[in-house]
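Visitor: build me a structure from this.
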Amino acid sequence: MKDIKTTSTTVLFQWPEDEPKPKAGSIELVDFLSKDIGWAKAVVTGPESVIEPGDDILLSRRVVSYDFEIDGKPLGNTSDNSCLAYKHNGELHATGKTFLYSWLEEKEEVSPSGIILIRKNSTKELEPRWAICHAAGNQTGISKGDHVLIAFKSDAYTLKIDGIEMHNAGVEEIIAFRTPSV
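Guide: Below is the predicted model:
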């Protein structure tokens, strides 16, 4: 593999060899579902990539890359912009214009009689909420720990990373942000 190179921000990766088959409940699936995600290992990275060989990369399981072999090793291809997140030396990062967040407060309503009302996702999308940034790409203008005002997005991935439920978003979704004082 030492002689293999990629261009720009292209990343060649390998899925874990001991990975379990996809399932929905107790049914074994032929392929992963559209919102499934998984961690892979970066093997070769382009000269402009922020990802380095050996980094763990979080990818969507949607078929958006080719599967191929080089020197008998099964690989896939992706790029920085297609990675949902990556870990370098165990630290969580995001690429480009992407950031990962979790909500600071849950939107709920309490009726005058004390009943908690649950809202549909379709009505949540019209109301901006504050979130905390867990990782931010270098083109977002925000940093880890910043509080970000964004609108709820029902089609964002739900990512459970290091025990924290997070979501992904792009820089264009930021309404405002602030850096909390320490």
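Visitor: when you work out contacts or count neighbours from here on, use the C-alpha atoms and nothing else.
Guide: Fine.
Visitor: could you chop this protein up by domain?
Guide: Annotated domains of the chain cover 10-93, 98-178 [automatic domain parsing].
Visitor: tell me the mean pLDDT for the first one?
Guide: Averaged across domain 10-93, the pLDDT comes to 86.
Visitor: and the residue nearest the centre of the chain, what does it touch?
Guide: Centroid-nearest residue in the chain: L84, 2.9 Å away (criterion: Cα atoms, centre = their mean). By Cα atoms under 8 Å, 6 or more residues apart in numbering, the contact list for L84 reads I57, L58, L59, S60, A94, T95, T98, N168.
Visitor: got it, and G25?
Guide: Going by Cα under 8 Å, 6+ apart, G25 touches no other residue.
Visitor: count the residues that sit near Y101.
Guide: Burial of Y101 is recorded as 26 neighbouring residues (other Cα atoms under 10 Å).
Visitor: leaving out the residues flanking it, which one is nearest to it?
Guide: Spatial nearest neighbour of Y101, chain neighbours left out: C133 (4.4 Å); criterion: Cα to Cα, 6 or more residues apart in numbering.
Visitor: so which strand or helix has the one you found?
Guide: Per DSSP states H and E, C133 falls inside strand 128-136.
Visitor: quick one: that strand to chain centroid distance?
Guide: The chain centroid and the centroid of strand 128-136 are separated by 13 Å under Cα atoms, centre = their mean, to the nearest Å.
Visitor: show the subsequent helix or strand relative to it.
Guide: Remark: after strand 128-136, the chain's next helix or strand is strand 147-151, criterion DSSP H and E.
Visitor: which strands or helices does that following strand pack on?
Guide: Judged by 3 or more Cα pairs under 8 Å, 6 or more residues apart in numbering; DSSP states H and E, strand 147-151 is in contact with strand 128-136, strand 176-178.
Visitor: could I get the ones you listed as TSV with distance to K41 and mean neighbour count?
Guide: What follows is these, written out as TSV (distance: least, Cα to Cα, whole Å; neighbours: other Cα atoms under 10 Å):
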stretch	distance to K41	mean neighbour count
strand 128-136	19	22
strand 176-178	32	14
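Visitor: TSV for the ones you listed, including mean pLDDT and distance to G163?
Guide: Compiled in TSV, those are given as follows (pLDDT from 0 to 100; distance: least, Cα to Cα, whole Å):
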stretch	mean pLDDT	distance to G163
strand 128-136	96	12
strand 176-178	97	24
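Visitor: between the contacts of L84, which sits nearest V50?
Guide: V50 lies nearest to T95 out of the contacts of L84, by Cα to Cα, at 7.3 Å.
Visitor: all helices for this structure, in order.
Guide: Along the chain, counting by DSSP state H, helices occupy 121-124.
Visitor: just the pLDDT for the residue of it positioned farthest from its centre.
Guide: The C-alpha centroid of the chain is most remote from S113, which lies 39.6 Å away (Cα atoms, centre = their mean). pLDDT, S113: 79.
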